[in-house]
Structure formats: C-alpha cells, structure tokens
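A.B. asks: With the input below, show me the fold.
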Amino acid sequence: MKRAFLIIVFSLIFLSCSEEETSKAIQSLPETTRINVSYGDNPQQVYDLYLPEGRSSEKTKVIVLIHGGGWIQGDKDSMNDYIPLLKAKHPEYAIVNINYVLANPPSVPAFPNQFLDVKKVLNKLTEDSESLQILPKFGLIGASAGAHIALQYDYVYDTTNQVKMVCNIVGPTDFTDPFYSENPNFQALLAALVDEEAYPENTNYAEAISPALQVTNQSSPTILFYGDEDPLVPVSNGEKLHNELTTHMVSNSITIFDGGHGDWNQESNVDLQTQLSTFINEHFPITE
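C.D. replies: Got it, this is the predicted structure:
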C-alpha cells in the first residue's frame, strides 16, 4: 500500500512538472520568420510566415495578406509594408503573406485556381498548426485583385468557417456592373481568366466570380476601402457589396477616400490603418 501511494505521488509530481515545462516551452517560443514556404508543386505557390514570440495553438490566430496585380501579375512583396504595421499593433498574431499562381491566358486561367490556392494555403497551415503553434482561424487582408480573391474565398469556398474577417482594399466585387459589362473588351478578358471546365454548363461567369453576388448571412464581417476617382474599380462596386452585406445583416463598414486605386494621401492611409486595427480587435480578437 505504501509503495502504491509513493508511485501515485511521484506520478503526480512528474505530470505537474511536465505540464509546467510544456507551458514554459510554449511561452518561450521565439519569434520566427520563414520565407517562401511551399504549399504546392508550382514555384509560385509559396508564402512567407511570421510567427510571434510566445505563440500557442490555443490563441495565436493568423492574418493572411493577398496581393493585387490584376490576377496576371504582382507579388507578395507588394504587401510587405503591412507586416511591420500589423506586428506593432497586433503582436500576438501570426502573419502569412502569400503568392498564388498568376494567370497566363489561355493556358493558365485565374478562376477558380486562385481561390483554390488560398484554400491550399489555409489547409497547409491547418495541418501544420500544432507544430507551428498557431490557431487555424484566419483574417484575410487583400488589395485590388487580392481583395477580390479574399472576398470570393470567404463568401464561396470557406465551407468550414475558418475565416472570421475580411479587409477589402479597392477590390472588384461586381462584374455585372456597367463599368465592366459595357466595356467592349470585358467579355474577352473574362473568357481569358475563367476556366470554363471548372464551372457548370451555362454558368454566368460574370455573376459567378462576383463576391457581391455571393453574399449570405454566413459571410464574414468585412471592412471596405475605396477611392472616389478609381479608374480601375468603381465606387459602385464598394457600395454594392456594402448594401448586400447590410441586407444580409453581416457586420461591415465602407470608407471612400479622395483619390484613385489606393494612391491616397498620408491622412487617408493612417485612417485606413486605424480603422483596420479597430476592426481586427472587434471581429477577430485574440481572446476568443
């Protein structure tokens, strides 16, 4: 009986020490950066990963950056300026800055491939979440074409509700808008970007790839930023998405700055950063 009692006592002490050591190990995890992590066979399928100090799989949510470039060009480096800003204001989050396979018509279409690339990134991060010590819940920040990809992914492809918020910076949202549909070159561009074999027969592609037309009450809270003189994406696209989100009772806000396609003054950029930070704290808090 005495021997059994001692075994129990030593076991409890050992377990207590193990838990304490594990906790200390997690708390002491250093800040880590990994560049060009592969998530697929294509050389363009890579991302940069910024892991915070003291991270854990119970609290460290992930902010994902998606670059623009008209779906046919661009690189994750164009989103690098967001990284120190996010680190300063949200130091407990992991940050992922992704590349996706750029369209090269007619051999390499953009849609739905680029939406599916986001899915591959999130799936890999989810699979690796324990070893990385991250919580696989995601906030997406996209610019221009990257905002379109982020919105479409959340509204259509995020069937497991891992995405909790989206930031849309000058993203196209409605390709049925006369701004696009009345452009004589639009149909040819649409045909070049869409993989028709990936969609059901008789699909209206302009509708199918328009995030504003895919909104449901399950869409994530979304913050929108547009320029009132944007030559590439009309303000009407932002207003359309804002109205659809409001109709479906999805939390959202829209800000329209003076200027064009993201080329705004310093005051506007600071306002964007402040609003985005507040939106993250409200809709994607680290404590949930």
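A.B. asks: which SS class is the residue minimising distance to the centre of the chain?
C.D. replies: Residue closest to the mean C-alpha point of the chain, counted by C-alpha atoms, centre = their mean, is residue 140 at 2.1 Å. Using DSSP: H, G, I helix; E, B strand; the rest coil, the structure places residue 140 in strand.
A.B. asks: how about the nearest residue to residue 126, chain neighbours excluded?
C.D. replies: Using C-beta to C-beta, 6 or more residues apart in numbering and skipping residues adjacent in sequence, the residue nearest residue 126 is residue 136, 4.1 Å away. Heads up, the C-betas are built off the backbone N, CA and C, glycines and all.
A.B. asks: er, residue 286 I mean
C.D. replies: residue 92 (4.8 Å).
A.B. asks: circling back: list the contacts of the residue nearest to residue 126.
C.D. replies: Contacts for residue 136 (C-beta atoms under 8 Å, 6 or more residues apart in numbering) come out as 62, 122, 125, 126, 129, 162.
A.B. asks: Contact partners for the nearest residue in space to the last one that is not next to it in sequence?
C.D. replies: Nearest non-adjacent residue to residue 162, counting by C-beta to C-beta, 6+ apart: residue 138, 5.4 Å away. For residue 138, the set of contacting residues under the criterion of C-beta under 8 Å, 6+ apart consists of 61, 62, 63, 64, 122, 125, 162, 163, 164.
A.B. asks: One more: residue 35?
C.D. replies: Applying C-beta under 8 Å, 6+ apart, the residues near residue 35 are 48, 49.
A.B. asks: Buried residues of the helix or strand containing it, list them for me.
C.D. replies: Under the criterion of DSSP states H and E, residue 35 resides in strand 32-38. Within strand 32-38, the residues that count as buried by 16 or more other C-beta atoms under 10 Å are residue 37.
A.B. asks: circling back: partners of the residue nearest to residue 162 in the sheet?
C.D. replies: residue 62, residue 163 (DSSP bridges).
A.B. asks: State the distance from it to residue 152.
C.D. replies: 15 Å (C-beta to C-beta, to the nearest Å).
A.B. asks: again, but for residue 33
C.D. replies: 29 Å.
A.B. asks: Could you measure from the residue nearest to residue 126 over to residue 107?
C.D. replies: Taken as C-beta to C-beta, the span from residue 136 to residue 107 is 33 Å.
A.B. asks: coming back round to it: I'd like the next helix or strand past the strand holding residue 35.
C.D. replies: strand 46-51.
A.B. asks: what residues does that next one touch?
C.D. replies: Residues contacting strand 46-51 (C-beta under 8 Å, 6+ apart): 29, 31-39, 60, 76, 83, 87, 94-99, 121, 132-134.
A.B. asks: what helix or strand does the closest residue to residue 232 other than its chain neighbours sit in?
C.D. replies: Excluding the flanking residues, the one nearest residue 232 by C-beta to C-beta, 6+ apart is residue 261, at 4.9 Å. Counting by DSSP H and E, no helix or strand carries residue 261.
A.B. asks: ok, back up a step: run the chain-centre distance for the strand holding residue 35.
C.D. replies: 17 Å (C-alpha atoms, centre = their mean, to the nearest Å).
A.B. asks: repeat for stretch 232-245
C.D. replies: Worked out by C-alpha atoms, centre = their mean, stretch 232-245 lies 19 Å from the chain centre.
A.B. asks: for that stretch, which positions count as buried?
C.D. replies: Quick answer for stretch 232-245 (16+ other C-beta under 10 Å): 233, 234, 235, 237, 238, 239, 240, 241, 242, 244, 245.
A.B. asks: any idea which helix or strand comes after the strand or helix carrying residue 254?
C.D. replies: Per DSSP H and E, residue 254 falls inside strand 252-257. Using DSSP H and E, the next helix or strand after strand 252-257 towards the C-terminus is helix 266-283.
A.B. asks: tell me which residues in that next one are buried?
C.D. replies: For helix 266-283, using 16+ other C-beta under 10 Å, the buried residues are 268, 272, 276, 279, 280, 283.
A.B. asks: who's in contact with the fourth one?
C.D. replies: For residue 279, the contacting residues are 165, 167, 221, 223, 253, by C-beta under 8 Å, 6+ apart.
A.B. asks: With secondary structure and distance to residue 72 added, can I get the residues you listed in JSON lines?
C.D. replies: Below are those laid out as JSON lines (DSSP: H, G, I helix; E, B strand; the rest coil; distance: C-beta to C-beta, whole Å):
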{"residue": "165", "secondary structure": "strand", "distance to residue 72": "27"}
{"residue": "167", "secondary structure": "strand", "distance to residue 72": "23"}
{"residue": "221", "secondary structure": "coil", "distance to residue 72": "30"}
{"residue": "223", "secondary structure": "strand", "distance to residue 72": "26"}
{"residue": "253", "secondary structure": "strand", "distance to residue 72": "30"}
